[in-house]
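Peer 1: Next one to model:
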Amino acid sequence: MILPVSPLAFLLAIPLGLLALALVLYPLVRSAEQQAGVATEGGWNPALTASPTRELSEEESAARAALHEVELEYQLGNLTETDYRSLRERYLRRALLAIKERHTREKELDALIEERLRLLREEDAGRSNGI
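Peer 2: Numbers count the residues shown, from 1 in each chain. All right, here's what the predicted structure looks like:
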């Protein structure tokens, strides 16, 4: 047997449902805000180290995803502080190593580009002097 729902109960259920939804989604929204620019504990901020124009290596992406996952699990209360700090330190090292490797590759590429530009300028100067 279905009982009729009074309008007052319906009006009460809507704000309570929205409040429950806000409480569930708050950790996810807070985590997104931290990635968007709020400094995280320890001073590492993924939003400041990532650039949309740079391609991330697979190791760097995996380490960043793991860091995000550890942070979320800690905020949800699924990790103890000791486990959180240990995992965070491990994945932070992995991310920093991957960033360092990418930086080294970019420096090598920059040096190669500079050398090619120097050769092209020398060729262009030689042509200009010959005319």
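Peer 1: do you know how far L87 is from P27?
Peer 2: Per CB to CB, to the nearest Å, L87 is found 17 Å from P27. From N, CA and C alone the C-beta is placed, and that goes for glycine too.
Peer 1: and those two? which has more neighbours close in?
Peer 2: Of the pair L87 and P27, L87 is the one with more neighbours under other CB atoms under 10 Å, namely 18 against 15.
Peer 1: okay but that one is in contact with L79, surely?
Peer 2: Yes - with contact defined as CB atoms under 8 Å, L87 reaches L79; the gap is 7.2 Å.
Peer 1: Which residues are in contact with each of these two?
Peer 2: Taking CB atoms under 8 Å, 6 or more residues apart in numbering as the criterion, L87 and L79 both touch V70.
Peer 1: for the lengthiest helix in the chain, packing partners?
Peer 2: Determined from DSSP state H, the single longest helix within the chain is helix 81-130. Identification of packing neighbours for helix 81-130 by 3 or more CB pairs under 8 Å, 6 or more residues apart in numbering; DSSP states H and E yields helix 58-75.
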